[in-house]
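Structure, please.
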Amino acid sequence: MHPTVRSEIGLSLVRARSWVQQFFEIARKPREERSLGELSPFELQNTEKKKILEAQMRLNDKIKALKIGKQVSKKSSLLRFTPMLRDGLLRSNTRLRNSHELPVNTKFSIILPKKNMQ
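Modelled structure (predicted):
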């Protein structure tokens, strides 16, 4: 599958999940307090972060180690990415961090489990 198609599918899933979450939030409110509208960028970012955190749960033992200040095991396949936690997400800490022109999401790429990519 072409990366662009995969990216569009991912974006569609985030949007669909955001709409469902918004529906449930609105449905819980009394009729007088309900307001309808488009998805906000915050809602989309929040949903995307939740999906990433769900995928990274497969790497939970490595995340726990980093949270308490330990290094990832030397036998781990993640070691080559020099993993770190940033904003609660497992990210790669490579030489790109020295670039001043790149956005943060590019400098510190999100690490996803291999099986999540298939």
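
moving C-terminal of the worst-scoring helix or strand of the chain on mean pLDDT, what's the next helix or strand?
Using mean pLDDT, DSSP states H and E, the weakest-scoring helix or strand in the chain turns out to be helix 3-28, at a mean of 75. Later in the chain than helix 3-28, the nearest helix or strand by DSSP states H and E is helix 41-56.

Determine the set of other helices and strands touching that next one.
In terms of contacts (3 or more C-beta pairs under 8 Å, 6 or more residues apart in numbering; DSSP states H and E), helix 41-56 is packed against helix 3-28, strand 89-92. Every residue, glycine included, has its C-beta placed from N, CA and C.

After it, which helix or strand is next?
Sequence-wise, the next helix or strand downstream of helix 41-56 (DSSP H and E) is helix 60-67.

Show me what the helix or strand following that following helix is in contact with.
Per DSSP H and E, the first helix or strand lying C-terminal to helix 60-67 is strand 83-86. Here strand 83-86 makes contact (C-beta atoms under 8 Å, 6 or more residues apart in numbering) with 62, 63, 66, 67, 72, 90, 91, 92, 93, 108, 111.

Tell me the buried residues within those.
62, 63, 66, 72, 90, 91, 92, 93, 108, 111 (16 or more other C-beta atoms under 10 Å).

want to throw these into JSON lines with pLDDT and distance to residue 43?
Output for those, formatted as JSON lines (pLDDT from 0 to 100; distance: C-beta to C-beta, whole Å):
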{"residue": "62", "pLDDT": "84", "distance to residue 43": "29"}
{"residue": "63", "pLDDT": "83", "distance to residue 43": "25"}
{"residue": "66", "pLDDT": "85", "distance to residue 43": "28"}
{"residue": "72", "pLDDT": "79", "distance to residue 43": "33"}
{"residue": "90", "pLDDT": "90", "distance to residue 43": "23"}
{"residue": "91", "pLDDT": "91", "distance to residue 43": "22"}
{"residue": "92", "pLDDT": "88", "distance to residue 43": "27"}
{"residue": "93", "pLDDT": "86", "distance to residue 43": "29"}
{"residue": "108", "pLDDT": "89", "distance to residue 43": "23"}
{"residue": "111", "pLDDT": "88", "distance to residue 43": "24"}
